[in-house]
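Undergrad: no sequence for this one, just the structure:
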């Protein structure tokens, strides 16, 4: 099972935090801090896996990858394959890239809800649902349309729902 | 707080505004800004305008999730907004709920039940998927129970998009409400049949999660999984199926036989590293008995190790660690790669390689491996260096130094480790030095040598990390001073000026050790000058005694001559006169005087130290010197024995002290006390009011019952030589010294609650072992410290005896963890899968089948038609009176069951499951043992 997904920037500022088992928000912040501490101590071009038993209990691992200014972090247990998690992260990033055409940190900063929507299409309750980024993009576009339609009754909407 | 006005709604700040605001905040003002925004949100969220409410909630969710703001107070607003007909509102509300609700404490979750039910039955797939996603995040038992029927329907939804999400969500429902398994499990299993990759992936993922927790219940589904393994070409699905088989194969040997071939095929065929990795992990973890498969897997591991990608290298090493448990050859084959990985830039890889290297350690190669590692440690960064040292220390000391044969080497090696500049493992080295000193008699000589070189080196005193080691070294030198080549030099080293850099506790060990060495010198001198002429045999005897147990001399001597140590100055050499006379050479009147003066001058100032430990010990030594001085000088003045009386007195004190210090402290089992049977007539809970009466006897030599150590002295002395009998009642002074010692090394004593029992009559704690020891050592009698001797026969150089206490000391961590918590889910799963005839198949079904059946039937009305149909067909199956097979698993409830029967009876019903036939064909294995259900047939 996937325990959580975190995106944070290279300053340690979280951009997305999603745990699939309930964690009190203070705990979440603390975990993000500890993870950041681990990640920034790691050199470049080293393996992407980190054992985080101390934070999450036995057999829980973390895989991370740096994309530009962002760390993408997946936390998962032993019913997931390590390399598959790396692939899944790739799917996630690809999807973001497609949805925001050339995704950058700011897109993720200003599209809180949409990033969650995208993630929810890929992972549900810690289970991998969809591994094809184009399918995810289709679903997300569908949802955006649906949201626009439902909002068309009320015209004065700030541009919060992303592009 | 006033309600929101129209103006508020019109000029409401959007989430973007908030984000920008936070970003523009000057450092430090962020909390103020957030607090201000929160005030706004509090007002806005109460708005009757849904749009305003939605935006407020959206902002709040953002602040909650990324800035840690509490939003439990807005839980009700989430519920309110979720009923909005606008999908965007619903999405905001549900996201807020999934990110902030605590399933076990948020009570408004119950209010969400109705809305979730409505959305789960909505015609819009996105409404449904939103509700499913929310459900999986906030699921609690009530919610699960109430929504099970909706999920049941969704499990066979015509829309794959919805169905796969329902399958993923049902995992949480099962966890929260195991009864849902009875309703939904069949539907879930049916989904294994699907051709839709998304659905299949979800359902296999679900089974993977379930099987990790309790694999046995899912054995009946093995044929389904096998079919997927053979037919499917989707890597994601295959990985999950492999994970399932990794759990199932160890439970059913024939299963491994069936699947090992397709797994190897996948491994050879696939280009995807993830799948290849999963294949090899499955083989090495669960099918390690299939040699050829393991060979293939190890070949693949090697590919990973040779790859440039650090991830693959890392995972390859991990896989190798797993192989190593059963197939050491695999590691040896890749030895050079592993050793190379030790110097990788990546810490992960280095650590993994280190772990592997340590797993290779055996008696034969421990020296070589340690040598390689230590040279790595010296080159590495401090952190990794200490990892290496930690691993070495751990591995070498494991199970009472199991892998160590040559303790001389190991002891020297410990000293070497302590000198490594980054070494922070002082604590561990300290423990082992002392531990070896006590456990391995034969290593003491070398130990003293190592200790000497540590103590004598002024450079080490400045490094706080080695202080622990120095303390151990000082203790060893003091305790085994009889083995020292040059006690004079030792005393000088222990009192060198730089010892002021030590922490007080270590320094007090130094002082105490110097004291011991001093006593030894004076005593030896006394012996040489006094008793030498008159009673040389006494000297030999005492020397023999001073080096503690009687009979190991021979071994020690052998090892001495073997290693060609210069033993000219050693008293140890079996008490031969040659050594004694060479000692005489060192022990002149002047040198002794000088020594006493040295001690006096060095410790004098310390008597005023404000550290109590130091002050006390220094005063002890000084007091002793004061006591000695007139006698000593007098005696030294008239070498030829004038003033006999004074001399006698002094030498007696010296002898007394010497005896106190030369008493060996053996390790004592933590449970030694428990092993002592309660003597008849001893009432432990008795009131101790008459204690005082007993206490008054304490001064008497024989009332040893109040101190374990005391009693040891008794027994030992009586055992070793009758001559010592007189000293068996050491004065209260020596008891206090002992007590001091006990305080210092409390670790090695039994807790002092031992009072009140008499030790003298006790049978030795480890009776069964006594005989062997008695044969091995000619100690007349054993004390509680009775030792176990572990000797390895087939060695060129005999492994020295390592003293062990039979209960394995720290090792007695009970292995009772195997309590299998049969969890409710698997219970329900078994009921569903194994149904009513499970009793014949195995002992596994634990629940009452009748009742499960009844429950199943009872549920029919509320669960919908499908169940009715299945249930009916099921009953007809049962009724149709099939031939009983021993291997018969359950009623016709489950599909694989049909298969199973179809295979054997070619049932007409079988054509329903055509798709399965392919897989079936491959699974013709004869029934080997009728007792085990043959799931694969």
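TA: Nice, I can see it. Everything quoted here is computed from the prediction, not taken from an experiment.
Undergrad: low-confidence ranges, the stretch 751-900 of chain B, go.
TA: B:751-798, B:805-823, B:835-900 (pLDDT under 70).
Undergrad: can you give me the buried ones in stretch B:306-317?
TA: For stretch B:306-317, burial by neighbour count (16 or more other CB atoms under 10 Å in any protein chain shown) applies to B:310, B:311, B:312, B:313, B:314, B:315, B:316, B:317. In short, each C-beta sits where N, CA and C put it, glycine included.
Undergrad: neighbours of residue A:120, how many?
TA: Residue A:120 has 28 neighbours, counted by other CB atoms under 10 Å in any protein chain shown.
Undergrad: so it sits right up against residue B:133, yeah?
TA: Yes - using CB atoms under 8 Å, residue A:120 is in contact with residue B:133, at 5.0 Å.
Undergrad: for the longest helix belonging to chain B, give the mean pLDDT please.
TA: Assignment by DSSP state H gives helix B:612-637 as the longest helix of chain B. The average pLDDT within helix B:612-637 is 77.
Undergrad: show me what it is packed against.
TA: helix B:504-526, helix B:589-603, helix B:644-662 (3 or more CB pairs under 8 Å, 6 or more residues apart in numbering or on different chains; DSSP states H and E).
Undergrad: which non-adjacent residue is nearest the residue in chain A positioned nearest to chain B?
TA: At 3.1 Å from chain B, residue A:125 is the closest residue in chain A, using CB to the nearest CB. Leaving out its chain neighbours, the residue that sits closest to residue A:125 by CB to CB, 6 or more residues apart in numbering or on different chains is residue B:136, at 3.1 Å.
Undergrad: next, count neighbours for the one you found.
TA: For residue B:136, the tally of surrounding residues (other CB under 10 Å) stands at 24.
Undergrad: my guess is it contacts residue A:129, does it?
TA: No - using CB under 8 Å, residue B:136 is not in contact with residue A:129; the gap is 10.7 Å.
Undergrad: list residues touching both of the two?
TA: residue B:168 (CB atoms under 8 Å, 6 or more residues apart in numbering or on different chains).
Undergrad: for chain A, which segments count as helices?
TA: Under DSSP H, chain A gives helices at A:25-40, A:53-56, A:82-100, A:105-110, A:112-122, A:133-151.
Undergrad: can you read off the pLDDT for residue B:288?
TA: pLDDT, residue B:288: 88.
Undergrad: what sits against it?
TA: B:294, B:323, B:325, B:326, B:327.
Undergrad: I'd like to know which of these are buried.
TA: Looking at the contacts of residue B:288 with 16+ other CB under 10 Å, the buried ones turn out to be B:294, B:323, B:327.
Undergrad: the residue nearest to the last one when sequence neighbours are not counted: helix or strand, and which one exactly?
TA: The reference is to residue B:327. By the measure of CB to CB, 6+ apart, the closest residue to residue B:327 outside its immediate chain neighbours is residue B:294, 5.9 Å from it. According to DSSP states H and E, residue B:294 maps onto helix B:291-306.
Undergrad: list the buried residues in that helix.
TA: Buried residues in helix B:291-306, counted by 16+ other CB under 10 Å: B:293, B:294, B:295, B:296, B:297, B:298, B:300, B:301, B:302, B:304, B:305.
Undergrad: what is the nearest of those residues to residue B:471?
TA: Minimum separation from residue B:471 among these (CB to CB) is found for residue B:305, which lies at 43.2 Å.
Undergrad: roughly how far does the closest one sit from residue B:389?
TA: The gap separating residue B:305 from residue B:389 is 25 Å, by CB to CB, to the nearest Å.
Undergrad: next one: residue B:440
TA: Noted for residue B:440: a distance of 21 Å to residue B:389, by CB to CB.
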